[in-house]
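**Q** need a structure here:
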Amino acid sequence: MSADSAETAAPQAPQQAVRQVRDQGAATRGEHTHSEPPVPQPRPLDARPVVQRASVRRQVLDALRTALLAGELEPGEVYSAPALGTRFGVSATPVREAMQQLAQEGAVEVVPNRGFRVVVRDARELAELAEVRALIEVPVMLRLARTVPAELWAELRPLAEATVRAASSGYPATYAESDRAFHHAVLALAGNEQVTRVAEDLHRRAQGPLVGGQLPPGRAELLADAAQHTALLDALVAQDLTVAQSLVREHFAGAV
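**A** Numbering: from 1, shown residues only. So this is what the prediction gives:
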């Protein structure tokens, strides 16, 4: 889980959780919300973005995550903070801070006096992460399917539709953040902040970096994954538990 959200919060009512996470998801996509200012969108590493001082670390972190998912930062390679800072047009300090966060998430590891090495993961490790994530999220989602009223599920539709738009872009990094926001919103309905944090950490770890030689998911794969979000909400709003349970298990069995 990101250090930006490390403060412990008391469980919220489902309605409050939905609205808070919906606003957070909108902010992640760069949309304006009444509760917080717009968040600048990450840009490719070679775009040399002009960043605002107050949000340098956040933008650098987002751009690094994008680069990892896109394969621009190769597993096993060592990258120095000053060199990456030059590519961003910023000092080494925000890059180093962002890399420390990625090290906590398991995406990179510190190499003393050199920089940060992108972690190499094999297919087995990624499969194990996906399995652990399913062990946590599937039971919670199935319990929520039986207890959350249809009107609250309907409030999550904008987030589900956002995953479809993100998938249409064909960019795994764009879809990853939208997908994370949707799953976070669903789990927030359980009112268990620890479950939400652990699940989100696993989500990030399971999404990258890529295994050596592995290609990122294509547009068709992303769209198929996103379509399951909207189909799941349709079933939950209709209170069709049989279909909902089937979709939940299918979604995690083939998670992107």
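**Q** any idea how far the residue of the chain most remote from its centre is from Gly170?
**A** The outermost residue of the chain, judged against the average C-alpha position, is Asn113 (30.3 Å), by C-alpha atoms, centre = their mean. For Asn113, the distance to Gly170 equals 39 Å [C-beta to C-beta, to the nearest Å]. The C-beta positions use only the backbone N, C-alpha and C, and glycine is treated the same way.
**Q** Can you verify the residue farthest from the centre of the chain is assigned to a strand?
**A** No - using DSSP: H, G, I helix; E, B strand; the rest coil, the assignment for Asn113 is coil, not a strand.
**Q** Okay, it and Ser178: tell me how far apart.
**A** Applying C-beta to C-beta to Asn113 and Ser178 gives a distance of 38 Å.
**Q** now do Ser91
**A** 30 Å.
**Q** ok, now Arg219?
**A** 14 Å.
**Q** before we move on, what about Pro158?
**A** In terms of C-beta to C-beta, Pro158 sits 11 Å off from Ser178.
**Q** from the chain's centre, how far out does stretch 231-241 sit?
**A** 23 Å (C-alpha atoms, centre = their mean, to the nearest Å).
**Q** Pick out whichever of Arg219 and Ser178 has more residues nearby.
**A** Using other C-beta atoms under 10 Å, the more surrounded residue of Arg219 and Ser178 is Ser178, with 24 against 14.
**Q** Need the nearest residue in space to that one, chain neighbours excluded.
**A** Residue nearest to Ser178 in three dimensions, not counting chain neighbours: Ala166, with 3.7 Å by C-beta to C-beta, 6 or more residues apart in numbering.
**Q** which stretch of helix or strand covers that neighbour?
**A** helix 157-169 (DSSP states H and E).
**Q** how about Val78, phi and psi?
**A** phi -100, psi 130 (degrees, to the nearest 10).
**Q** repeat for Val118
**A** The phi/psi pair for Val118 (degrees, to the nearest 10) is phi -70, psi 130.
**Q** Next: Leu73.
**A** Dihedral angles (degrees, to the nearest 10) for Leu73: phi -110, psi 110.
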